[in-house]
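Trainee: Here is my input; please provide its structure:
(one chain, ligands or ions: 1)
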Amino acid sequence: MVRYSSPQVSHVRVRFPPSPTGIPHLGNTRTALFNFLFARHNNGKFILRIEDTDRSRLVKGAEDKIKEILNWLDLSWDEFYRQSERLPLYKEKANELIKKGVARKDEGAVRFIIPKGKKISWEDAIGNKKISFKSDDIEDFIILKSDGYPTYHLASVVDDSDMKISHVIRGDEWISSTPKHILLYEALGWQHPIFAHLPVILGPDHTKLSKRHGAESVLDLRDKGFLKEAIINFMALLGWNPGGDREIMGISEMIKLFDLQDINTGSPIFDIKKLEWMNGEYIRKTQNSKLKSQILEFDPKIAQIEKFEQYIPLAKTRMKTLADFRVLVENQKDASLNERQKKLAQELVNAYRKLPEWKSALISTATIGVRDQIGASTQDVYAVLTGRPQGLPFEQKLEIQGQAGTISWLEGVLKR
Ligand code: GLU
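Mentor: Numbering: from 1, shown residues only. Sure, this is the predicted structure:
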(Lines give C-alpha, C1' and ligand atoms only; values in the text may rest on other atoms or scores of the structure.)
Protein backbone atom coordinates (compact mmCIF):
# COMPACT_ATOMS: atom_id res chain seq x y z
CA MET A 1 0.00 0.00 0.00
CA VAL A 2 1.26 3.46 -0.83
CA ARG A 3 1.90 5.68 2.17
CA TYR A 4 0.83 9.13 1.11
CA SER A 5 2.67 10.90 3.84
CA SER A 6 5.82 10.28 5.74
CA PRO A 7 7.92 12.78 7.67
CA GLN A 8 10.78 12.38 5.21
CA VAL A 9 8.88 13.65 2.18
CA SER A 10 10.03 17.18 1.58
CA HIS A 11 8.37 17.93 -1.74
CA VAL A 12 4.89 18.12 -0.31
CA ARG A 13 3.15 21.20 -1.65
CA VAL A 14 -0.52 21.70 -0.93
CA ARG A 15 -2.91 24.51 -1.56
CA PHE A 16 -5.97 26.15 -0.07
CA PRO A 17 -7.75 27.76 -3.02
CA PRO A 18 -10.92 29.55 -1.87
CA SER A 19 -13.13 31.47 -4.25
CA PRO A 20 -13.75 34.93 -2.78
CA THR A 21 -17.51 34.59 -3.05
CA GLY A 22 -18.30 35.11 0.65
CA ILE A 23 -17.04 34.28 4.12
CA PRO A 24 -15.60 30.75 4.08
CA HIS A 25 -17.84 28.36 5.97
CA LEU A 26 -16.57 25.99 8.59
CA GLY A 27 -16.10 23.07 6.19
CA ASN A 28 -13.93 25.25 4.01
CA THR A 29 -11.75 26.26 6.92
CA ARG A 30 -11.41 22.65 7.99
CA THR A 31 -10.05 21.94 4.49
CA ALA A 32 -7.51 24.72 5.01
CA LEU A 33 -6.55 23.23 8.39
CA PHE A 34 -6.04 19.73 6.97
CA ASN A 35 -3.87 21.11 4.19
CA PHE A 36 -1.89 23.13 6.72
CA LEU A 37 -1.38 20.14 9.05
CA PHE A 38 -0.35 17.95 6.15
CA ALA A 39 2.14 20.53 4.87
CA ARG A 40 3.70 21.12 8.28
CA HIS A 41 3.84 17.41 9.11
CA ASN A 42 5.82 16.81 5.92
CA ASN A 43 7.97 19.94 6.05
CA GLY A 44 6.20 20.99 2.91
CA LYS A 45 4.61 24.19 1.69
CA PHE A 46 1.10 25.51 2.31
CA ILE A 47 -0.08 27.76 -0.50
CA LEU A 48 -2.96 30.23 -0.41
CA ARG A 49 -4.46 30.79 -3.84
CA ILE A 50 -7.38 33.11 -4.42
CA GLU A 51 -9.56 31.69 -7.19
CA ASP A 52 -11.20 34.85 -8.42
CA THR A 53 -11.86 34.00 -12.04
CA ASP A 54 -15.65 33.90 -11.82
CA ARG A 55 -16.07 37.66 -11.92
CA SER A 56 -19.85 37.56 -11.53
CA ARG A 57 -19.64 35.86 -8.13
CA LEU A 58 -16.94 38.02 -6.54
CA VAL A 59 -17.88 39.49 -3.16
CA LYS A 60 -16.12 42.60 -1.99
CA GLY A 61 -14.11 42.02 1.18
CA ALA A 62 -14.25 38.22 0.90
CA GLU A 63 -10.50 37.91 0.30
CA ASP A 64 -9.86 39.92 3.47
CA LYS A 65 -12.19 37.65 5.46
CA ILE A 66 -10.37 34.57 4.14
CA LYS A 67 -7.07 36.02 5.29
CA GLU A 68 -8.56 37.18 8.58
CA ILE A 69 -9.65 33.62 9.38
CA LEU A 70 -6.30 32.07 8.48
CA ASN A 71 -4.40 34.76 10.35
CA TRP A 72 -6.55 34.49 13.45
CA LEU A 73 -6.07 30.73 13.52
CA ASP A 74 -2.31 31.14 12.85
CA LEU A 75 -2.53 29.00 9.72
CA SER A 76 0.25 30.87 7.99
CA TRP A 77 0.78 30.36 4.29
CA ASP A 78 4.16 30.12 2.56
CA GLU A 79 3.17 31.38 -0.88
CA PHE A 80 0.32 33.50 -2.16
CA TYR A 81 -1.27 33.76 -5.61
CA ARG A 82 -4.31 35.39 -7.13
CA GLN A 83 -5.60 33.79 -10.32
CA SER A 84 -6.79 37.05 -11.88
CA GLU A 85 -3.11 38.05 -12.04
CA ARG A 86 -2.15 34.98 -14.07
CA LEU A 87 -4.46 35.23 -17.06
CA PRO A 88 -1.78 34.98 -19.82
CA LEU A 89 -0.76 31.56 -18.54
CA TYR A 90 -4.29 30.14 -18.80
CA LYS A 91 -4.74 31.63 -22.25
CA GLU A 92 -1.48 30.08 -23.41
CA LYS A 93 -2.59 26.65 -22.18
CA ALA A 94 -6.03 27.00 -23.77
CA ASN A 95 -4.35 27.83 -27.10
CA GLU A 96 -2.07 24.85 -26.70
CA LEU A 97 -5.12 22.62 -26.27
CA ILE A 98 -6.74 24.13 -29.37
CA LYS A 99 -3.56 23.46 -31.35
CA LYS A 100 -3.53 19.86 -30.16
CA GLY A 101 -7.09 19.52 -31.39
CA VAL A 102 -8.51 18.70 -27.97
CA ALA A 103 -10.26 22.03 -27.50
CA ARG A 104 -12.32 24.18 -29.84
CA LYS A 105 -13.22 27.85 -29.95
CA ASP A 106 -17.02 28.48 -29.88
CA GLU A 107 -18.47 31.94 -30.03
CA GLY A 108 -15.65 33.49 -28.05
CA ALA A 109 -15.37 30.72 -25.44
CA VAL A 110 -13.00 27.76 -25.58
CA ARG A 111 -14.37 24.28 -24.88
CA PHE A 112 -12.48 21.13 -23.98
CA ILE A 113 -13.48 18.13 -26.10
CA ILE A 114 -14.06 14.99 -24.05
CA PRO A 115 -12.54 11.87 -25.63
CA LYS A 116 -15.06 9.08 -26.29
CA GLY A 117 -15.13 5.68 -24.63
CA LYS A 118 -12.52 6.32 -21.97
CA LYS A 119 -12.46 5.21 -18.36
CA ILE A 120 -11.00 7.74 -15.97
CA SER A 121 -9.97 6.62 -12.52
CA TRP A 122 -7.75 7.50 -9.63
CA GLU A 123 -6.85 6.11 -6.25
CA ASP A 124 -8.19 8.54 -3.70
CA ALA A 125 -5.96 9.02 -0.66
CA ILE A 126 -8.98 9.10 1.65
CA GLY A 127 -9.76 5.48 2.31
CA ASN A 128 -7.38 4.42 -0.50
CA LYS A 129 -10.32 3.73 -2.74
CA LYS A 130 -10.43 3.70 -6.49
CA ILE A 131 -12.91 6.13 -8.01
CA SER A 132 -13.89 5.77 -11.68
CA PHE A 133 -15.89 7.72 -14.21
CA LYS A 134 -16.77 7.08 -17.84
CA SER A 135 -15.82 9.84 -20.24
CA ASP A 136 -19.09 9.23 -22.09
CA ASP A 137 -20.94 10.53 -19.04
CA ILE A 138 -19.07 13.85 -19.16
CA GLU A 139 -19.92 16.66 -21.55
CA ASP A 140 -17.51 18.97 -23.30
CA PHE A 141 -16.91 21.91 -20.95
CA ILE A 142 -15.76 25.50 -21.18
CA ILE A 143 -12.17 26.14 -20.14
CA LEU A 144 -11.81 29.78 -21.21
CA LYS A 145 -14.72 32.19 -21.19
CA SER A 146 -15.37 34.94 -23.71
CA ASP A 147 -14.28 37.52 -21.09
CA GLY A 148 -10.79 36.01 -21.27
CA TYR A 149 -11.00 34.48 -17.81
CA PRO A 150 -10.47 30.73 -17.39
CA THR A 151 -13.08 28.56 -15.71
CA TYR A 152 -12.28 26.85 -12.43
CA HIS A 153 -11.31 23.60 -14.18
CA LEU A 154 -8.60 25.03 -16.40
CA ALA A 155 -7.23 27.47 -13.83
CA SER A 156 -7.13 24.81 -11.14
CA VAL A 157 -5.25 22.29 -13.30
CA VAL A 158 -2.82 24.82 -14.77
CA ASP A 159 -2.03 26.23 -11.33
CA ASP A 160 -1.77 22.91 -9.54
CA SER A 161 0.74 21.87 -12.15
CA ASP A 162 2.60 25.18 -12.33
CA MET A 163 2.77 25.39 -8.52
CA LYS A 164 3.95 21.76 -8.33
CA ILE A 165 1.10 20.78 -6.05
CA SER A 166 1.76 17.25 -4.79
CA HIS A 167 -1.58 16.59 -3.07
CA VAL A 168 -4.97 18.10 -3.77
CA ILE A 169 -6.87 17.86 -0.49
CA ARG A 170 -10.38 19.21 -0.91
CA GLY A 171 -14.02 18.64 -0.05
CA ASP A 172 -15.73 15.71 -1.72
CA GLU A 173 -18.17 18.03 -3.49
CA TRP A 174 -15.34 18.35 -6.03
CA ILE A 175 -15.18 14.64 -6.87
CA SER A 176 -17.21 15.08 -10.03
CA SER A 177 -14.74 17.72 -11.25
CA THR A 178 -11.75 15.45 -10.80
CA PRO A 179 -12.24 13.34 -13.97
CA LYS A 180 -12.35 16.58 -15.99
CA HIS A 181 -9.15 17.66 -14.34
CA ILE A 182 -7.47 14.33 -15.02
CA LEU A 183 -8.38 14.60 -18.72
CA LEU A 184 -6.90 18.10 -18.80
CA TYR A 185 -3.68 16.89 -17.16
CA GLU A 186 -3.41 14.12 -19.72
CA ALA A 187 -4.12 16.46 -22.63
CA LEU A 188 -1.44 18.87 -21.41
CA GLY A 189 1.02 16.00 -20.95
CA TRP A 190 1.25 16.40 -17.19
CA GLN A 191 1.08 14.00 -14.29
CA HIS A 192 -1.77 14.68 -11.95
CA PRO A 193 -1.26 15.17 -8.20
CA ILE A 194 -2.57 12.78 -5.58
CA PHE A 195 -6.23 13.51 -4.84
CA ALA A 196 -7.72 13.36 -1.36
CA HIS A 197 -11.42 14.14 -1.12
CA LEU A 198 -12.67 14.92 2.38
CA PRO A 199 -16.15 13.74 3.38
CA VAL A 200 -18.51 16.65 3.87
CA ILE A 201 -19.35 17.77 7.43
CA LEU A 202 -22.98 17.27 8.48
CA GLY A 203 -25.10 18.67 11.29
CA PRO A 204 -26.40 16.42 14.12
CA ASP A 205 -29.58 15.91 12.05
CA HIS A 206 -27.42 14.56 9.20
CA THR A 207 -28.23 17.44 6.88
CA LYS A 208 -25.73 19.78 5.27
CA LEU A 209 -24.06 21.99 7.86
CA SER A 210 -25.69 25.41 8.13
CA LYS A 211 -26.15 28.35 10.46
CA ARG A 212 -28.97 26.67 12.34
CA HIS A 213 -26.49 24.05 13.59
CA GLY A 214 -24.71 26.76 15.54
CA ALA A 215 -22.12 28.30 13.28
CA GLU A 216 -21.51 29.26 9.73
CA SER A 217 -17.90 30.36 9.89
CA VAL A 218 -14.96 30.50 12.24
CA LEU A 219 -15.62 34.22 12.61
CA ASP A 220 -19.11 33.42 13.99
CA LEU A 221 -17.51 31.09 16.50
CA ARG A 222 -14.97 33.74 17.47
CA ASP A 223 -17.81 36.21 18.03
CA LYS A 224 -19.56 33.71 20.27
CA GLY A 225 -16.51 33.50 22.52
CA PHE A 226 -14.77 30.35 21.36
CA LEU A 227 -10.96 30.19 21.62
CA LYS A 228 -8.96 29.56 18.48
CA GLU A 229 -7.06 26.71 20.13
CA ALA A 230 -10.35 24.93 20.84
CA ILE A 231 -11.75 25.64 17.37
CA ILE A 232 -8.63 24.20 15.72
CA ASN A 233 -8.66 21.13 17.92
CA PHE A 234 -12.37 20.61 17.31
CA MET A 235 -12.12 21.13 13.54
CA ALA A 236 -9.19 18.73 13.28
CA LEU A 237 -11.33 16.00 14.81
CA LEU A 238 -14.07 16.57 12.24
CA GLY A 239 -13.04 13.61 10.17
CA TRP A 240 -9.52 12.97 11.44
CA ASN A 241 -8.94 10.30 14.02
CA PRO A 242 -5.38 10.20 15.34
CA GLY A 243 -6.06 6.91 17.11
CA GLY A 244 -7.05 6.03 20.63
CA ASP A 245 -9.49 8.26 22.45
CA ARG A 246 -7.19 11.24 22.49
CA GLU A 247 -9.20 14.43 22.10
CA ILE A 248 -7.48 17.49 23.56
CA MET A 249 -4.43 18.22 21.43
CA GLY A 250 -2.31 21.29 20.75
CA ILE A 251 -1.35 22.27 17.23
CA SER A 252 2.19 20.88 17.46
CA GLU A 253 0.91 17.50 18.52
CA MET A 254 -1.59 17.56 15.65
CA ILE A 255 1.19 18.39 13.20
CA LYS A 256 3.26 15.52 14.56
CA LEU A 257 0.44 13.00 14.18
CA PHE A 258 -1.39 14.16 11.08
CA ASP A 259 -1.73 11.56 8.35
CA LEU A 260 -4.21 11.25 5.48
CA GLN A 261 -4.51 7.55 6.31
CA ASP A 262 -6.32 8.49 9.50
CA ILE A 263 -9.10 10.46 7.86
CA ASN A 264 -12.43 8.69 8.10
CA THR A 265 -14.40 7.88 4.98
CA GLY A 266 -17.73 8.68 6.65
CA SER A 267 -19.11 12.17 7.16
CA PRO A 268 -18.15 13.82 10.45
CA ILE A 269 -20.90 15.41 12.54
CA PHE A 270 -20.61 18.97 13.77
CA ASP A 271 -21.93 19.11 17.31
CA ILE A 272 -21.80 22.53 18.94
CA LYS A 273 -22.19 20.89 22.37
CA LYS A 274 -18.92 19.09 21.88
CA LEU A 275 -17.22 22.31 20.88
CA GLU A 276 -18.62 23.99 24.01
CA TRP A 277 -17.27 21.20 26.16
CA MET A 278 -13.88 21.40 24.48
CA ASN A 279 -13.78 25.17 24.75
CA GLY A 280 -14.47 24.90 28.48
CA GLU A 281 -11.56 22.48 28.80
CA TYR A 282 -9.30 24.95 27.00
CA ILE A 283 -10.49 27.81 29.18
CA ARG A 284 -9.63 25.83 32.31
CA LYS A 285 -6.17 25.03 30.91
CA THR A 286 -5.46 28.68 30.12
CA GLN A 287 -3.34 30.67 32.57
CA ASN A 288 -5.31 33.37 34.37
CA SER A 289 -3.25 36.21 32.93
CA LYS A 290 -3.71 34.96 29.38
CA LEU A 291 -7.40 34.35 29.96
CA LYS A 292 -7.69 37.92 31.21
CA SER A 293 -6.37 39.26 27.91
CA GLN A 294 -8.63 36.91 25.95
CA ILE A 295 -11.67 38.06 27.92
CA LEU A 296 -10.79 41.71 27.39
CA GLU A 297 -10.10 41.20 23.72
CA PHE A 298 -13.47 39.53 23.37
CA ASP A 299 -15.34 42.18 25.35
CA PRO A 300 -13.29 45.26 26.30
CA LYS A 301 -16.13 46.61 28.46
CA ILE A 302 -15.55 43.79 30.94
CA ALA A 303 -12.87 46.10 32.34
CA GLN A 304 -15.68 48.24 33.77
CA ILE A 305 -16.86 45.43 36.05
CA GLU A 306 -15.44 46.03 39.49
CA LYS A 307 -12.77 43.51 40.53
CA PHE A 308 -13.30 41.55 37.31
CA GLU A 309 -9.75 40.17 37.45
CA GLN A 310 -10.30 38.60 40.82
CA TYR A 311 -13.27 36.63 39.53
CA ILE A 312 -11.27 34.96 36.75
CA PRO A 313 -9.97 31.92 38.71
CA LEU A 314 -13.48 31.25 40.02
CA ALA A 315 -15.37 31.93 36.78
CA LYS A 316 -13.06 29.80 34.65
CA THR A 317 -14.22 26.67 36.46
CA ARG A 318 -17.69 27.23 35.01
CA MET A 319 -17.15 28.97 31.69
CA LYS A 320 -17.81 27.31 28.34
CA THR A 321 -17.21 30.41 26.24
CA LEU A 322 -15.66 33.81 26.83
CA ALA A 323 -19.19 35.23 26.63
CA ASP A 324 -20.08 33.32 29.80
CA PHE A 325 -17.75 35.47 31.90
CA ARG A 326 -20.03 38.49 31.95
CA VAL A 327 -23.10 36.39 32.72
CA LEU A 328 -21.36 34.66 35.61
CA VAL A 329 -19.76 37.71 37.15
CA GLU A 330 -22.00 40.67 36.51
CA ASN A 331 -25.13 41.05 38.61
CA GLN A 332 -28.34 41.62 36.70
CA LYS A 333 -29.55 45.05 37.74
CA ASP A 334 -33.12 45.15 36.49
CA ALA A 335 -34.49 41.89 37.88
CA SER A 336 -37.55 42.48 40.02
CA LEU A 337 -38.07 40.67 43.32
CA ASN A 338 -41.17 39.31 45.04
CA GLU A 339 -42.06 40.01 48.67
CA ARG A 340 -40.33 36.91 50.03
CA GLN A 341 -37.17 37.79 48.16
CA LYS A 342 -37.25 41.36 49.49
CA LYS A 343 -37.55 39.99 53.00
CA LEU A 344 -34.61 37.73 52.29
CA ALA A 345 -32.58 40.71 51.06
CA GLN A 346 -33.37 42.69 54.23
CA GLU A 347 -32.46 39.80 56.53
CA LEU A 348 -29.25 39.15 54.63
CA VAL A 349 -28.20 42.78 55.08
CA ASN A 350 -28.72 42.40 58.81
CA ALA A 351 -26.81 39.12 58.97
CA TYR A 352 -23.93 40.27 56.77
CA ARG A 353 -23.46 43.47 58.84
CA LYS A 354 -22.84 41.31 61.90
CA LEU A 355 -20.23 39.06 60.31
CA PRO A 356 -16.90 39.53 62.12
CA GLU A 357 -14.92 38.39 59.12
CA TRP A 358 -15.82 38.37 55.39
CA LYS A 359 -14.87 34.81 54.50
CA SER A 360 -16.75 32.40 52.30
CA ALA A 361 -17.38 29.82 55.07
CA LEU A 362 -18.96 32.42 57.32
CA ILE A 363 -20.90 33.97 54.44
CA SER A 364 -22.25 30.56 53.52
CA THR A 365 -23.41 29.70 57.06
CA ALA A 366 -25.05 33.10 57.52
CA THR A 367 -26.82 32.98 54.16
CA ILE A 368 -28.16 29.47 54.56
CA GLY A 369 -29.28 30.31 58.09
CA VAL A 370 -31.34 33.27 56.86
CA ARG A 371 -32.66 31.34 53.88
CA ASP A 372 -33.99 28.51 56.07
CA GLN A 373 -35.27 30.82 58.77
CA ILE A 374 -37.60 32.63 56.38
CA GLY A 375 -38.40 29.61 54.23
CA ALA A 376 -36.76 30.89 51.05
CA SER A 377 -35.15 28.72 48.35
CA THR A 378 -31.63 28.65 46.93
CA GLN A 379 -33.04 30.14 43.77
CA ASP A 380 -34.31 33.05 45.86
CA VAL A 381 -30.80 33.45 47.25
CA TYR A 382 -29.36 33.73 43.74
CA ALA A 383 -32.13 36.05 42.62
CA VAL A 384 -31.43 38.38 45.51
CA LEU A 385 -27.65 38.23 45.41
CA THR A 386 -27.12 38.31 41.64
CA GLY A 387 -30.43 39.00 39.92
CA ARG A 388 -30.05 35.69 38.12
CA PRO A 389 -31.48 32.21 38.75
CA GLN A 390 -28.05 30.62 39.14
CA GLY A 391 -24.38 31.43 38.92
CA LEU A 392 -21.02 31.02 40.59
CA PRO A 393 -20.99 29.52 44.11
CA PHE A 394 -22.42 32.58 45.88
CA GLU A 395 -20.24 32.50 48.99
CA GLN A 396 -17.06 32.60 46.90
CA LYS A 397 -18.43 35.27 44.65
CA LEU A 398 -19.49 37.41 47.63
CA GLU A 399 -16.11 37.04 49.28
CA ILE A 400 -14.55 38.65 46.21
CA GLN A 401 -17.32 41.22 45.91
CA GLY A 402 -16.57 42.29 49.50
CA GLN A 403 -18.74 43.06 52.50
CA ALA A 404 -19.38 46.71 51.69
CA GLY A 405 -20.03 45.96 48.02
CA THR A 406 -22.49 43.20 48.87
CA ILE A 407 -24.41 45.26 51.42
CA SER A 408 -24.70 48.19 49.07
CA TRP A 409 -25.92 45.86 46.28
CA LEU A 410 -28.62 44.50 48.59
CA GLU A 411 -29.63 48.00 49.68
CA GLY A 412 -30.01 48.87 46.01
CA VAL A 413 -32.18 45.79 45.50
CA LEU A 414 -34.44 46.85 48.39
CA LYS A 415 -35.00 50.29 46.86
CA ARG A 416 -36.40 48.85 43.61
N1 GLU B 1 -12.11 27.41 -5.65
C2 GLU B 1 -12.57 26.14 -5.22
C3 GLU B 1 -13.30 26.34 -3.91
O4 GLU B 1 -13.89 27.37 -3.78
C5 GLU B 1 -11.40 25.19 -5.09
C6 GLU B 1 -11.73 23.73 -5.07
C7 GLU B 1 -10.46 22.90 -5.13
O8 GLU B 1 -9.86 22.72 -4.04
O9 GLU B 1 -10.04 22.52 -6.19
O10 GLU B 1 -13.32 25.57 -3.01
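
Trainee: give me every residue that touches the most far-flung residue of the chain relative to its centre.
Mentor: Here the chain reaches farthest from its C-alpha mean at Lys354, the gap being 51.8 Å by C-alpha atoms, centre = their mean. Listed by C-beta atoms under 8 Å, 6 or more residues apart in numbering, the contact set of Lys354 reads Ala366. Heads up, the C-betas are built off the backbone N, CA and C, glycines and all.

Trainee: and this protein, which residues reach the ligand?
Mentor: Pro17, Pro18, Ser19, Glu51, Tyr152, Ser156, Arg170, Trp174 (C-beta under 6 Å from any ligand atom).

Trainee: picking up where we left off before, where's the residue farthest from the centre of the chain relative to Asn233, distance?
Mentor: 50 Å (C-beta to C-beta, to the nearest Å).

Trainee: What of Gly117?
Mentor: To Asn233, Gly117 is 49 Å away according to C-beta to C-beta.

Trainee: Look at these two and report which has more neighbours.
Mentor: Each of Gly117 and Asn233 has its neighbours counted (other C-beta atoms under 10 Å); Asn233 has more, 22 against 7.

Trainee: so what's the backbone phi/psi at the nearest residue to the more buried one once chain neighbours are set aside?
Mentor: In space, and not counting its chain neighbours, Asn233 is closest to Met249: 5.7 Å by C-beta to C-beta, 6 or more residues apart in numbering. When read as degrees, to the nearest 10, the backbone of Met249 gives phi -140, psi 140.

Trainee: let's number from 54 now, not from 1
Mentor: Noted, 54 is the first residue going forward, which turns the last one into Met302.

Trainee: can you pull the contacts of Met302?
Mentor: Here Met302 is in contact with Asn286, Ala289, Pro295, Leu310 (C-beta under 8 Å, 6+ apart).

Trainee: Thr459 looks like it's in a helix, true?
Mentor: Yes. If the criterion is DSSP: H, G, I helix; E, B strand; the rest coil, then Thr459 is within a helix.

Trainee: For Met302, see how far away the residue most central in space within the chain is.
Mentor: Among the residues of the chain, the one closest to the centroid is Val271, at 3.9 Å (C-alpha atoms, centre = their mean). Computed as C-beta to C-beta, the Val271 to Met302 distance reads 18 Å.

Trainee: again with Thr231
Mentor: Thr231 is 31 Å from Met302, by C-beta to C-beta.

Trainee: Tell me where the model's unsure across the chain.
Mentor: Low-confidence segments of the chain, defined by pLDDT under 70: 54-63.

Trainee: Start from the N-terminal end of it and give the strands.
Mentor: Taking DSSP state E, the strands of the chain run over residues 66-69, 98-103, 132-135, 156-159, 162-165, 172-177, 182-187, 194-197, 220-224, 247-251.

Trainee: Would you reformat those strands as TSV and include mean neighbour count?
Mentor: Below are these laid out as TSV (neighbours: other C-beta atoms under 10 Å):
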stretch	mean neighbour count
strand 66-69	24
strand 98-103	21
strand 132-135	14
strand 156-159	15
strand 162-165	21
strand 172-177	16
strand 182-187	13
strand 194-197	21
strand 220-224	22
strand 247-251	22
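
Trainee: Tell me, how many residues neighbour the closest residue to Ser389 other than its chain neighbours?
Mentor: In space, and not counting its chain neighbours, Ser389 is closest to Arg469: 6.5 Å by C-beta to C-beta, 6+ apart. By other C-beta under 10 Å, the residues close to Arg469 number 11.

Trainee: Check Trp243 too.
Mentor: Trp243: 14 neighbours (other C-beta under 10 Å).

Trainee: what separates it from His234, distance-wise?
Mentor: The gap separating Trp243 from His234 is 10 Å, by C-beta to C-beta.

Trainee: so what sits against both of these two?
Mentor: Contact criterion C-beta under 8 Å, 6+ apart; residues shared by Trp243 and His234: Val210.

Trainee: still on that earlier bit, test my guess that the residue nearest to the centre of the chain contacts Glu121.
Mentor: No. Contact criterion C-beta atoms under 8 Å: Val271 and Glu121 do not qualify, at 9.2 Å.

Trainee: Go through the contacts of Met302 and name the one nearest the ligand.
Mentor: Ala289 (18.6 Å; C-beta to the nearest ligand atom).

Trainee: what's near enough to touch the residue lying closest to that closest one once chain neighbours are set aside?
Mentor: Nearest residue to Ala289, sequence neighbours excluded (C-beta to C-beta, 6+ apart): Met307, at 5.3 Å. Counting by C-beta under 8 Å, 6+ apart, Met307 makes contact with Leu90, Ile285, Asn286, Ala289, Pro295.

Trainee: Out of those, flag the one nearest to Gln449.
Mentor: Nearest to Gln449 out of the contacts of Met307 is Asn286 (C-beta to C-beta; 29.6 Å).
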